[in-house]
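[1] Build me a model:
(one chain, ligands or ions: 1)
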Amino acid sequence: MKLMALTAAALALAAAAPVQASEALAKKHACVACHVVKGPKTVGPAYADVAKKYAGQKDALAKLVEKVKKGGSGVWGPVPMPPNPNVPEDDIRALVKWILSIK
Ligand code: HEC
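    Below is the predicted model:
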């Protein structure tokens, strides 16, 4: 029985890991300087609001990867997001996938 409880705990940890990894990635690349995960808009929109806006849009991943790479403004207001040329494409893809999965 003890073993089963341990296995369940390990599974729960494994399921939670990707979210934590992406939050760490957002910290590593300083996305968190302008974005919160949930809550009121700061400099940029909260990631939960981004997920809501693009829910069900098939091209959202590709579109948002480009946007994070090149920066831009006008979707959430006049304040631009600066381009992020130093963030590896794989990391941007992982970040956008994570953002779009936030509920
Ligand atoms: C200097 C502040 C700043 C930083 C740093 C920043 N952003 Fe943004 N971000 C913004 C602003 C402002 C907007 C809104 C742009 C708009 O209205 O079009 C935005 C918008 C977005 C959007 C939604 C784009 C859209 O067109 O709907 C995503 C996704 C996003 N940011 C992800 C990221 C990720 C990932 C990082 C880190 C690699 C990051 N941002 C770093 C300010 C920032």
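[2] Now do K2 against the ligand, distance only.
    K2 sits 42 Å away from the ligand, going by Cβ to the nearest ligand atom, to the nearest Å. (Each C-beta comes from the backbone N, C-alpha and C, glycine too.)
[3] neighbours around that residue, how many?
    6 (other Cβ atoms under 10 Å).
[4] so what's it up against?
    With contacts defined as Cβ atoms under 8 Å, 6 or more residues apart in numbering, K2 has no neighbours.
[5] Wait, a helix at V36?
    No - with DSSP: H, G, I helix; E, B strand; the rest coil as the criterion, V36 is assigned coil and is not in a helix.
[6] excluding its backbone neighbours, what's nearest it?
    In space, V36 comes closest to A46 once its chain neighbours are excluded; the distance is 5.0 Å by Cβ to Cβ, 6 or more residues apart in numbering.
[7] Ramachandran angles for the one you found?
    Here is the backbone geometry of A46 (degrees, to the nearest 10): phi -60, psi 140.
[8] Test my guess that it contacts V32.
    No - using Cβ atoms under 8 Å, A46 makes no contact with V32, being 11.2 Å away.
[9] Between these two, which is the more surrounded one?
    The neighbour count for A46 versus V32, taken as other Cβ under 10 Å, is higher for A46 (19 against 14).
[10] need the contact list for that one.
    Applying Cβ under 8 Å, 6+ apart to A46 gives the contacts 35-40.
[11] part of a helix, is A48?
    Yes - assessed by three-state DSSP, A48 belongs to a helix.
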